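1. predicted structure and sequence below. I'll ask about it afterward.
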Amino acid sequence: MRLRRRLALGIFANAVGLFANTVDAFPVLLNPTTTQSRSVPFILLFESGSGSSWLIKELAALPQFCVVLFEPIDNSSLTTAADHFARLRWLEQLWTPPQPAESFAWPTWRARMEAASVFGQLPLVKESLNRCGAGSIAFGLKARLSRLLNRRAAVDGLRVLLARYGVRVLRLGRRNRIKQALTEYRRLNQGLGHFKAASGGAVGATEVEPKMFARALVEVERSHRLANEVLSMLSPGQPVLNISYEELLHEHAEATARVHSFLGVSSGAGANKKAAYVKATPDRLACAVANYAELCREYESGPYKAWFEEGCAARCESS
């Protein structure tokens, strides 16, 4: 009995050791013999307050896209080597869907995706995956990917995974850091997004507490730095498209056509589809911030002065 128990423990220890070595050295692919189908794998690498939820929802509304509608691998509480391996395993599963004609294989693929989704919000994952099938062309998600940066092995594994499948990286940022910080401030302190249903009413100006706004600005700068770190670790030749929030807002048709083309989807996809979401707040800071002059004076002598484009004397009524 003791011998049998020692043998069982030994086998278990060897399995754990093998798994740990695999994670720390390099992730083992689930399907090393899988041939790439006509699918286009992609990732939307985003910064805080850059309109990523808006963009990913617009993509998800088109049948050519198979996307998961939240950040399925960005759970900040999952930090171990095994957690990182689970992230890489999930990504590989997403980027190796069945061939379009293999109708019998799609339920199995969805089931495997669900089983690999150990990051929370499983009902939303299932809802997203139920829209994926033979008509899907581009398979992706939005993510910061910065959770993987704290382990060298995870970074190496991600780099190879992205290169092996030719994953297209759509980097979404925002030019105006102050407007970006305002979006983050509203999200963190009021639980509000910066886009709303097109049929919804207008959103009023936000009264900003300067110290809390400064924290939101720090978070925005951090997300910008981390996105750049992720880009810097990509293999040479990895396809990357940089696009800004401002382009999506002011040149929407042209910007989305560029995104669609980059992701292998006809640039005319959704051309006649009415926008489901619009910007919730005014684009002018003087109208979006109730105490605009106070906030502007906090930054009028520093590097952020240029982002208060109308100056501290601007008033909403002057539009």
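-> Arrived safely, thanks for sending.
2. buried residues of stretch 40-53, list them for me.
-> Neighbour-count burial for stretch 40-53, counted by 16 or more other CB atoms under 10 Å, picks out 40-53. Using the backbone N, CA and C atoms, a C-beta is placed for each residue, glycine as well.
3. what about stretch 39-57, average pLDDT?
-> When pLDDT is averaged along stretch 39-57, the result is 91.
4. over to stretch 183-194?
-> In the prediction, stretch 183-194 has an average pLDDT of 77.
5. next one: stretch 69-81
-> Mean predicted lDDT for stretch 69-81 stands at 76.
6. so where is the stretch 51-200 of the chain shaky, pLDDT-wise?
-> 76, 191-200 (pLDDT under 70).
7. tell me the spacing between the residue nearest the centre of the chain and residue 71.
-> By CA atoms, centre = their mean, the mean C-alpha position of the chain lies nearest to residue 142, the distance being 2.2 Å. Look at residue 142 and residue 71: by CB to CB, to the nearest Å, they are 6 Å apart.
8. can you pull out the helices in the stretch 201-319 of the chain?
-> 210-232, 245-250, 252-262, 285-288, 292-299 (DSSP state H, counting those that start in this stretch).
9. any idea how far residue 115 is from residue 109?
-> 11 Å.
10. so the two - more neighbours on which side?
-> residue 109 (18 against 10; other CB atoms under 10 Å).
11. residues touching the more buried one, list them.
-> 93, 97, 98 (CB atoms under 8 Å, 6 or more residues apart in numbering).
12. residue contacts, the last one?
-> If I follow you right, that is residue 98. So residue 98 contacts 37, 105, 106, 108, 109 (CB under 8 Å, 6+ apart).
13. change it to 6 Å
-> 105, 106, 109 (CB atoms under 6 Å, 6 or more residues apart in numbering).
14. same question for the first one.
-> Applying CB under 6 Å, 6+ apart to residue 93 gives the contacts 112, 113, 116.
15. domain-wise, how is the protein divided?
-> Domain segmentation of the chain under automatic domain parsing yields 22-281, 285-319.
16. and the ones you listed, which is most packed in?
-> domain 22-281 (a mean of 17; mean count of other CB atoms under 10 Å).
17. re earlier: ok, what's across the strand from the residue nearest to the residue nearest to the centre of the chain when sequence neighbours are not counted?
-> In space, and not counting its chain neighbours, residue 142 is closest to residue 44: 3.9 Å by CB to CB, 6 or more residues apart in numbering. Note on residue 44: beta-bridge partners by DSSP bridges are residue 142, residue 170.
18. going forward can the numbers begin at 461, since that is how I track them
-> Yep, numbering from 461; the last one is residue 504 now.
19. surely residue 504 meets residue 630?
-> Yes. Under the criterion of CB atoms under 6 Å, residue 504 makes contact with residue 630 at 4.9 Å.
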